[in-house]
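Engineer: Test case, fold it:
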Amino acid sequence: MGEYQVTRNDAEWRELLQPVEFAVLRQAATERPFTGELLDEEREGLYSCRACGNELFKSGTKFDAGCGWPSFYESIRPDAVELLDDDSQGMVRTEVRCAKCGSHLGHVFPDGFGTPTGDRYCMNSVSLTFSPESSGESNGSGTSA
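Structural biologist: Residues are numbered from 1 along each chain as shown. This is a model prediction of the structure:
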């Protein structure tokens, strides 16, 4: 755990985040599986930290792991996330935090079978925002897509 570019006290975070967002992002809670709004998101785009806007994952690395949470096989850049040992809950896991603000995003597991990295970044939907790719690019017919 280092110093973060974005720092706020709990009162400031509570003003910016909904209660469930605060619980997950700042207190490392976990949303219920199969309930997150981004689980079935299939459009091309970018996933960012809901707390600070740090870019975290590209849609091309998202895959259906069947676990109930949005899953990715790698972050957008190695320094976009911070990986920490987590021995809570009676098991050893690797916690994933936003490297810009220290918010809890989820965990990474070495069971992303069939992916290029073998990793499964299991993220809470409530920890992320999704920005679809711009549709202003040409679709080849001379009109916008």
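Engineer: So what's the residue count around Val126?
Structural biologist: 23 (other C-beta atoms under 10 Å). Backbone N, C-alpha and C define where each C-beta goes, glycine included.
Engineer: part of a helix, is it?
Structural biologist: Yes - under DSSP: H, G, I helix; E, B strand; the rest coil, Val126 falls within a helix.
Engineer: wait, isn't it in contact with Val24?
Structural biologist: Yes - using C-beta atoms under 8 Å, Val126 and Val24 qualify as a contacting pair, with a distance of 5.0 Å.
Engineer: Any chance you could list residues touching both of the two?
Structural biologist: Glu31 (C-beta atoms under 8 Å, 6 or more residues apart in numbering).
Engineer: what are the ranges of the helices in this structure?
Structural biologist: Using DSSP state H, the helices of the chain run over residues 10-16, 19-27.
Engineer: want to throw those helices into CSV with distance to His104, mean pLDDT and mean neighbour count?
Structural biologist: Output for the helices of the chain, formatted as CSV (distance: least, C-beta to C-beta, whole Å; pLDDT from 0 to 100; neighbours: other C-beta atoms under 10 Å):
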stretch, distance to His104, mean pLDDT, mean neighbour count
helix 10-16, 12, 97, 12
helix 19-27, 6, 97, 17
